[in-house]
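build the 3D model from these lines:
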Amino acid sequence: MKAEEFIPEVEKVLEERGEPAYRLKQAYAALCNGLARDWEEATALPKALRAALKEEAPAAVLQLTRTSRATDGTRKYLFETHDGHLIETVMIPERDRRTVCISTQVGCPMACKFCATGLLGIKRNLKAREIAEQVFVAARDLASASERVTNVVVMGMGEPFLNYDETLLALKVLNDGDGYNLAARHIAVSTSGLVDRIRRFADEPEQFHLAISLHTPFQDEREQIMPIASRHSVPVLMNAARYYVEETRRKLFFEYTLLARVNDQPRHVRALAELLDHPLYHLNLLRFNWTDTGFTATPKPEAKEFLRYARELGLSATLRPSRGQDIDAACGQLAAKDLAARPPLAVSLRAKPTPAR
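Numbers count the residues shown, from 1 in each chain. The predicted model follows:
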């Protein structure tokens, strides 16, 4: 049962008090579906039990310290964890969609050269409740306007596949019919390219989507802007990508941030057309969002020309608009700047062996 994995501290309190088994399901529903931030809101539970849970296993594991709103309607949430770390989450409104971009780590060890989060290094992994609760808080915020979260993308702070088990548990809870009940096809995970984990993710029974951060088709350039490329070459990465689409028969997205005079030339388009040679591959282009990293954005007309040429060569591709730039909430800008003074931790990028199928 997902509740036992997701809220073991609640289960412990219930067992110590001799509560009936169905109380765990009620508590789980109160958090995931009722979006309770205080056990007093979980009125299906007895008053004495609510008081005990409030004391021993609080309903909220993250403290919402600030909400920022951009002129385009994007919202950024700053959370503080129980041990004083800060993480950021973004809600992006677009037509009939309300997408929440969530974080899986405090900081990020991948050190991609154009990403503000990568400048921080890694502090620690988030637990499944800390990951899922970001969605619950955004959903609660939207509910005040009679709106609902329609999509979740794991593209915030951190490399989710370096926190694989906790991330997957959180996504299962978000997808669970007894939990938040969001369709798996409305949940997507983005990775910088950990090939063993891509293969493992392909073998999962849930139909979550996957996005791979590519950013250039050339190995030497990729090593310069994405250090992980020195461990997993482009051919090895594409072998894992092929495995994913053949096993799942789902569309695979390739994220590509356009950097002026770095990866936005016609030769890049031609190489991408050769590399992304499967009908289920889709190229998501995004103009660089400013961070203090020395890169500049490809001008909008040139970005549109890059897209036009890509489509002319047969690529399935879109140019995504940047949202929330005026509150540093756009892709690559999440930094929770208060963390900058804290020393990063050393984290191994080696994936654990994938279990035999």
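
check contacts around the most centrally placed residue in the chain.
For the chain, the residue nearest the mean C-alpha position is residue 154 (1.3 Å; C-alpha atoms, centre = their mean). Going by C-beta atoms under 8 Å, 6 or more residues apart in numbering, residue 154 touches 101-102, 104, 160, 167, 171, 187-190. Every C-beta, even on glycine, is put in place using the N, C-alpha and C of the backbone.

could I get the full set of helices for this structure?
Along the chain, the segments classed as helices by DSSP state H run 2-6, 8-17, 22-32, 47-56, 128-143, 164-175, 195-202, 219-225, 234-248, 266-275, 300-312.

what mean pLDDT does stretch 207-215 have?
For stretch 207-215, the mean pLDDT works out to 97.

before we move on, what about stretch 111-127?
Per-residue scores along stretch 111-127 average to 88.

how about it: buried residues?
111-123, 125-127 (16 or more other C-beta atoms under 10 Å).

and the contacts of stretch 256-268?
Stretch 256-268 has contacts (C-beta under 8 Å, 6+ apart) with 114, 214-218, 221, 225, 272, 283-288, 295-299, 302-303, 306, 309, 331-332.

which PyMOL command selects the buried ones in the residues you listed?
Here is the PyMOL selection string for the buried members of those, based on 16+ other C-beta under 10 Å:
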select buried, resi 114+214+215+216+217+221+225+272+283+284+285+286+287+288+295+297+298+303+306+309+331+332
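
let me know the pLDDT of the residue nearest to residue 126 when sequence neighbours are not counted.
Residue nearest to residue 126 in three dimensions, not counting chain neighbours: residue 104, with 5.6 Å by C-beta to C-beta, 6 or more residues apart in numbering. The model reports residue 104 with a pLDDT of 97.

thought residue 104 was touching residue 155?
No. Between residue 104 and residue 155 there is no contact under C-beta atoms under 8 Å: 9.7 Å.

so which of these two has more stuff around it?
With neighbours defined as other C-beta atoms under 10 Å, residue 104 and residue 155 compare such that residue 104 has more, 28 against 23.

contact partners for the more buried one?
By C-beta under 8 Å, 6+ apart, the neighbours of residue 104 are 125-126, 131, 154, 156-160, 163, 166-167, 170.

so which of those comes closest to residue 203?
residue 167 (15.4 Å; C-beta to C-beta).

count of neighbours near residue 69?
14.

which residue is the nearest non-sequential neighbour of it?
Take residue 69 and drop its neighbours on the chain: the residue closest to it by C-beta to C-beta, 6+ apart is residue 75, 5.4 Å away.

bridging across strands, which residues link to the one you found?
residue 69, residue 91 (DSSP bridges).

pLDDT below threshold where in the chain?
For the chain, applying pLDDT under 70 flags the ranges 1, 324-357.

quick one, domains of it?
Domain segmentation of the chain under automatic domain parsing yields 1-60, 61-341.

with respect to burial, which of the ones you listed scores highest?
domain 61-341 (a mean of 19; mean count of other C-beta atoms under 10 Å).

what is the nearest of the contacts of residue 104 to residue 90?
Residue 90 lies nearest to residue 156 out of these, by C-beta to C-beta, at 6.8 Å.

ok so, going back, with respect to residue 208, which of the helices of the chain lies nearest?
Closest of these to residue 208 is helix 164-175, at 6.1 Å (criterion: C-beta to C-beta).

how big is the angle separating the closest one from helix 22-32?
Angle between the axes of helix 164-175 and helix 22-32 is 90 degrees (criterion: axes from the mean of the first three to the mean of the last three C-alpha atoms, to 10 degrees).

packing partners for helix 164-175?
helix 2-6, helix 128-143, strand 151-154, strand 187-191 (3 or more C-beta pairs under 8 Å, 6 or more residues apart in numbering; DSSP states H and E).

direction included, what does the last one pair against?
Spelled out, it's strand 187-191. In the sheet, strand 187-191 lines up with strand 151-154 (parallel), strand 209-213 (parallel) (DSSP bridges).

possible to save these as TSV with distance to residue 15?
Formatted as TSV, the strands paired with strand 187-191 follow (distance: least, C-beta to C-beta, whole Å):
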stretch	distance to residue 15
strand 151-154	31
strand 209-213	37
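
ok, which of those strands comes nearest residue 68?
Taking C-beta to C-beta, strand 151-154 is the member of the strands paired with strand 187-191 nearest to residue 68, at 18.7 Å.

can you give the distance from that closest one to the centre of its chain?
Chain-centre distance of strand 151-154: 6 Å, with C-alpha atoms, centre = their mean, to the nearest Å.

could you do stretch 138-147 as well?
The answer for stretch 138-147 is 20 Å, by C-alpha atoms, centre = their mean.

now do stretch 146-161
5 Å.

restricting the selection to alpha carbons, write that stretch to PDB.
Provided in PDB are the C-alpha atoms of stretch 146-161 (Å, rounded to 0.1, in the frame of the first residue of the first chain):
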ATOM      1  CA  SER A 146     -11.600  26.900  -8.400                       C
ATOM      2  CA  GLU A 147      -8.700  25.600 -10.500                       C
ATOM      3  CA  ARG A 148      -6.800  22.300 -10.400                       C
ATOM      4  CA  VAL A 149      -3.300  21.200 -11.200                       C
ATOM      5  CA  THR A 150      -3.500  19.500 -14.600                       C
ATOM      6  CA  ASN A 151       0.100  18.500 -15.200                       C
ATOM      7  CA  VAL A 152       3.300  17.900 -13.100                       C
ATOM      8  CA  VAL A 153       6.800  18.100 -14.600                       C
ATOM      9  CA  VAL A 154       9.800  17.000 -12.600                       C
ATOM     10  CA  MET A 155      12.100  19.700 -14.000                       C
ATOM     11  CA  GLY A 156      12.800  21.900 -11.000                       C
ATOM     12  CA  MET A 157      15.900  21.800  -8.700                       C
ATOM     13  CA  GLY A 158      17.900  18.600  -8.900                       C
ATOM     14  CA  GLU A 159      18.500  15.500 -11.100                       C
ATOM     15  CA  PRO A 160      15.500  13.300 -10.300                       C
ATOM     16  CA  PHE A 161      17.200  10.100 -11.400                       C
END
